[in-house]
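**Q** Following is a predicted model, sequence given first.
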Amino acid sequence: MEYKSIEWITASNKVRMLDQRILPGQVEYLEYDSAEGVALAIREMVIRGAPAIGAAAAYGLAVELCHQNSNELDVLLADYKKADDVLRRSRPTAVNLFWTLDRMYEIVNRKEYSDASSLIKLVLDEAHAIAKQDVEICRQIGLNALELVPENAQAIHHCNTGGLATVGYGTALGIIRTAHEHGRKISVLVDETRPRLQGARLTSWELKQLGIPHKLIVDGASGFYMKQRKVDFCVVGCDRVAANGDTANKIGTYNLALVAHAHKVPFYVAGPTSTIDLMTDNGDEIDIEEREGAEVVYVGSERIAPEGIDVGNPAFDVTPAEFITAIITEKGIVRPPFRENLRALFN
Ligand code: MRU
């Protein structure tokens, strides 16, 4: 099945997203014509995954300007600022959102437009460029990681980092995909990823379509499989990598890294360099999104815990750099010491 997490519809100047909340049971697309709508789609996780959120923000700005009725530059620029603001407040942890909005602002701030239509074109062209580059970057991450993937390997993967979490192809899952395409005979233990079950619902949906052997496991089973020496490496995505290598990713990633460390299993983080945030010194400075308790106490529409209890629902955790074997980016593989080597990547 051909699916796209996000796509621009030229005929209507709208942005279309695959509704990831209802996969795999229903495959439905939603269309948006405002930044407010896109921000809500990000917040409610119609679209999710750091790179996909970044692309959605870029198209959120573009769609807002396309549907602004005025031809006056001042009106458009004021609207742009409001759109930027509403998108910035959609989700706090994935730095790709802010990276994209900063990149878009830099382009707009160069003032290389003469009227409303040239401003709109500038913003839309940049959104298209971000989307196109995302797919190319993912493919390069997969190629760069090939040297780390042994023949007949079994990997553990957490959350969803595939074509759904990006504009296409995927980061950590892209690595698995590239290895499979290169005939490496790779299989995957798929963490279900409580509470929103991105692993069960999305990753296994993608792997099934790609024909990559996989087995769905509960998050707590990783130690069981590692103790049996059935895991060659762990590979996860990232929402923000701090300057010292500490990495925020889906809740449960830190637990997985600890188990991998105890069993001497390599623990790889994969992501585009736009997820590396050198302005954040270390993991303690990363803003971790806390989501509604309902995500934990309900599975689908069924309540599984008593009424009136306290619930903690941090959407992400931070894996300290000491538990990460390498960070795989489109610019190459970064190994410890991360502070020096991450900085070198940008020089
Ligand atoms: O809450 P989500 O589903 O947006 O969290 C996604 C993750 O944590 C992914 O691992 C990360 O964004 C990398 S996606 C290539």
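**A** Yep, it's here.
**Q** Please count neighbours and contacts with C-alpha atoms only from this point.
**A** OK.
**Q** quick check: domain ranges of the chain?
**A** The chain breaks down by automatic domain parsing into domains covering 6-139, 146-345.
**Q** Work out for me the element the closest residue to Leu97 other than its chain neighbours sits within.
**A** In space, and not counting its chain neighbours, Leu97 is closest to Gly54: 4.3 Å by CA to CA, 6 or more residues apart in numbering. Gly54 belongs to helix 50-66 when assigned by DSSP states H and E.
**Q** before we move on, what about Pro150?
**A** Judged by DSSP H and E, Pro150 forms part of no helix or strand.
**Q** residues in contact with the closest residue to it other than its chain neighbours?
**A** Distance criterion CA to CA, 6+ apart; nearest residue to Pro150, sequence neighbours excluded, is Arg184 at 7.2 Å. Shown in contact with Arg184 (CA atoms under 8 Å, 6 or more residues apart in numbering): Val149, Pro150, Glu151, Asn152, Ala153.
**Q** List, one by one, the residues from the stretch 101-250 of the chain near the ligand.
**A** Residues of the stretch 101-250 of the chain that fall close to the ligand, judged by CA under 6 Å from any ligand atom: Cys159, Asn160, Thr161, Ala165, Thr166, Gly170, Thr171, Gly237, Cys238, Asp239, Asn249, Lys250.
**Q** Can you tell me the number of residues neighbouring the third one?
**A** What that stands for is Thr161. 32 (other CA atoms under 10 Å).
**Q** That one contacts Thr171, correct?
**A** Yes - Thr161 is within contact range of Thr171, at 5.7 Å (criterion: CA atoms under 8 Å).
**Q** Between those two, which contacts overlap?
**A** Gly237.
**Q** residue ranges for the helices of the chain, please.
**A** Ranges of helices in the chain, per DSSP state H, are 35-43, 50-66, 73-88, 95-109, 116-145, 172-181, 198, 204-210, 222-227, 253-262, 294-297, 338-345.
**Q** Would you mind finding the most buried of these?
**A** Highest mean neighbour count among these (mean count of other CA atoms under 10 Å): helix 50-66, with a mean of 29.
**Q** does any part of that helix sit near the ligand?
**A** Yes - Helix 50-66 comes into contact with the ligand (CA under 6 Å from any ligand atom), by way of Ala50, Pro51.
**Q** Check stretch 2-14 too.
**A** No - against the ligand, stretch 2-14 shows no contacts by CA under 6 Å from any ligand atom, the least distance being 11.9 Å.
**Q** Pull out the CA atoms of that stretch and give them to me as CSV.
**A** Output of stretch 2-14 as CSV, limited to C-alpha atoms (Å, rounded to 0.1, in the frame of the first residue of the first chain):
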residue,chain,number,x,y,z
GLU,A,2,1.3,3.4,-0.9
TYR,A,3,0.9,5.8,2.0
LYS,A,4,2.2,9.3,2.7
SER,A,5,2.4,10.8,6.2
ILE,A,6,2.1,14.3,4.7
GLU,A,7,1.5,15.7,1.3
TRP,A,8,0.8,19.1,-0.4
ILE,A,9,-2.3,19.1,-2.6
THR,A,10,-1.6,21.6,-5.4
ALA,A,11,-5.1,21.8,-6.7
SER,A,12,-6.6,23.1,-3.5
ASN,A,13,-3.5,24.5,-1.8
LYS,A,14,-4.1,22.3,1.2
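**Q** Please report the distance of Ala83 from Arg229.
**A** 50 Å (CA to CA, to the nearest Å).
**Q** I'd like the distance between Asp284 and the ligand.
**A** 17 Å (CA to the nearest ligand atom, to the nearest Å).
**Q** Can you report how many residues neighbour that residue?
**A** Asp284 has 13 neighbours, counted by other CA under 10 Å.
**Q** so what's it up against?
**A** Applying CA under 8 Å, 6+ apart, no residues qualify as near Asp284.
**Q** Same check on Gly199?
**A** By CA under 8 Å, 6+ apart, the neighbours of Gly199 are His158, Cys159, Asn160, Val190, Asp191, Glu192, Thr193, Leu216.
**Q** Please name the nearest non-neighbouring residue to it.
**A** Glu192 (4.3 Å).
**Q** Quick check: the one you found touching Asp219?
**A** Yes - with contact defined as CA under 8 Å, Glu192 and Asp219 form a contacting pair (5.9 Å).
**Q** Now tabulate the residues of the stretch 101-250 of the chain next to the ligand in CSV and tack on pLDDT.
**A** Formatted as CSV, these follow (pLDDT from 0 to 100):
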residue, pLDDT
Cys159, 98
Asn160, 98
Thr161, 98
Ala165, 98
Thr166, 98
Gly170, 98
Thr171, 98
Gly237, 99
Cys238, 99
Asp239, 98
Asn249, 99
Lys250, 98
